[in-house]
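[1] Take this sequence and fold it.
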Amino acid sequence: MADHVLTTLATGGAYFEAPRWHDGRWWVSDLYRKGIYTYTTAGEEEQIVALEHQPSGLGFMPDGSLLYVSQEDQRIYRRADDGTVTLHADLSEHCVGDLNDLVVDERGYAYAGYFGFNPFAAEKPAKAGVIGVDPRGGHRLAADDLLFPNGSVITADGRTLIVGEGMAGAYTAFPIEDDGSLGPRRTWAALSKAPDMASFQALLTSLDVLVDGCCLDAEGMLWSADVQNARVIRVREGGDIVDEIKAPEGHNIFACMLGGHDGRTLLLCVAPGLVDNDRLGGLAATLQTVQVAVPGAGRP
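    Below you'll find the predicted structure:
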């Protein structure tokens, strides 16, 4: 595995998630500052959206407008280039627990997962689903029977959605049909033994890998945050781990994204701890970058 040197891009975050590279800048949600921010390659911060609730997944429509998830009220909003914000879709009828990450294809179809249970209250684990949202905001349950869908990508040809089942330590792939619906699923990579669903603590203890935010590269491999082991991993279809980057001592990595002007900068969302209380108060979250050999591909 290659040697990797981390460089700090930005400090002062509460908890960064959903990193994206768009229009020459990094875009991220900061859940506990309740805002969406951009950062230049020199680390200059600008707040783009202030929210009442926690933001999560981000994506861009064909016209360049921003879609973003408001987790606790289970809605997706759309921000136009002039700053105007409108409700794109209210998904509360489908959700159990918070709405979470999303990915948007080149036609404007969005796919958003929800929790299925409340891990921060240590509820017993339960399966969840992915909601498909069409470009006009119409929505339907696109896939179910997924364990904490979190971190999704669309392949460069636009034909396959790969969903991270975070608390199963696995990736599940679906063909994307012409109407935006999803075809039959298949296992893309199984990185952990079957989780113990008896309780949340039993589930955490049983996992070998717990996947979070992810991105695709031009060789068809996934860079994925592995929260269980405080690292990001590069995964080949089938489940082989071909590279890893460890988090700084005492921290963890919760999401990653390939971007930069040549597509070879891997941005890491770094923060201490795994539960809410570890992320509040100290503004200890950082954005770190590392250079890799293979550029990004697909979406987000």
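
[2] tell me the contacts of the closest residue to Ala225 other than its chain neighbours?
    With sequence-adjacent residues excluded and distances taken as CB to CB, 6 or more residues apart in numbering, Ala225 is closest to Asp212, at 3.9 Å. In short, each C-beta sits where N, CA and C put it, glycine included. By CB atoms under 8 Å, 6 or more residues apart in numbering, Asp212 lies in contact with Asn150, Gly151, Gly164, Gly166, Ser224, Ala225, Asp226, Val227, Ile253, Phe254, Ala255.

[3] do that again at 6 Å, thanks
    Contact analysis of Asp212 by CB atoms under 6 Å, 6 or more residues apart in numbering lists Gly151, Gly166, Ala225, Val227, Phe254, Ala255.

[4] CSV for the residues you listed, including pLDDT?
    Formatted as CSV, the contacts of Asp212 follow (pLDDT from 0 to 100):
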residue, pLDDT
Gly151, 94
Gly166, 96
Ala225, 98
Val227, 95
Phe254, 97
Ala255, 98
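
[5] Which of the helices or strands spans the residue nearest to Ala225?
    Assigned by DSSP states H and E, Asp212 belongs to strand 211-217.

[6] same for the next helix or strand after that strand, what does it pack against?
    Per DSSP H and E, the first helix or strand lying C-terminal to strand 211-217 is strand 222-226. Counting by 3 or more CB pairs under 6 Å, 6 or more residues apart in numbering; DSSP states H and E, the packing neighbours recorded for strand 222-226 are strand 211-217, strand 231-235, strand 252-259.

[7] strand partners of strand 222-226, parallel vs antiparallel please.
    strand 211-217 (antiparallel), strand 231-235 (antiparallel) (DSSP bridges).

[8] what about that strand, distance to the chain center?
    Its chain's C-alpha centre and that of strand 222-226 lie 10 Å apart, by CA atoms, centre = their mean, to the nearest Å.

[9] Quick one: the strands in the stretch 51-200 of the chain, in order.
    Assigned by DSSP state E, counting those that start in this stretch, the stretch 51-200 of the chain shows strands spanning 55-60, 66-70, 75-79, 85-90, 99-104, 110-114, 128-133, 139-146, 149-154, 160-165, 170-175, 186-190.

[10] low pLDDT regions in this protein?
    1, 274-281 (pLDDT under 70).

[11] Quick one: residues in contact with stretch 142-150.
    So stretch 142-150 is in contact with 100-101, 113, 127-130, 132, 163-168, 182, going by CB under 6 Å, 6+ apart.

[12] ok, those vs Leu66, which is closest?
    The nearest member of the contacts of stretch 142-150 to Leu66, counting by CB to CB, is Asp101 at 14.7 Å.

[13] ok, the closest one touching Gly57?
    Yes: the criterion here is CB atoms under 6 Å, and Asp101 meets it with Gly57 at 3.9 Å.

[14] And Gly164, how close does it get to Gly35?
    24 Å (CB to CB, to the nearest Å).

[15] ok, those two, which is more surrounded?
    Set side by side, Gly164 and Gly35 show more neighbours around Gly164, with 30 against 18, by other CB atoms under 10 Å.

[16] Which residue, other than its chain neighbours, is closest to the more buried one?
    Gly151 (3.8 Å).

[17] Quick one: neighbours of that neighbour, just the number.
    Gly151: 30 surrounding residues under other CB under 10 Å.

[18] Identify the residues contacting it.
    Asp101, Gly164, Asp212, Gly213, Cys214.

[19] count of neighbours near the fourth one?
    Using other CB under 10 Å as the criterion, Gly213 is surrounded by 29 other residues.

[20] Next, the buried residues of stretch 21-38.
    Residues of stretch 21-38 classed as buried: 21, 25-38 (neighbour count, 16 or more other CB atoms under 10 Å).

[21] Likewise for stretch 225-245?
    225-235, 239, 241, 243-245.

[22] which of those residues sit farthest apart?
    The most widely separated members of these, counting by CB to CB, are Ala230 and Gly239 (19.8 Å).

[23] Looks like Met197 contacts Pro125 (just checking).
    Yes: using CB under 6 Å, Met197 makes contact with Pro125 at a distance of 5.1 Å.

[24] neighbour count winner among the two?
    More crowded of Met197 and Pro125, by other CB under 10 Å: Pro125, with 23 against 16.
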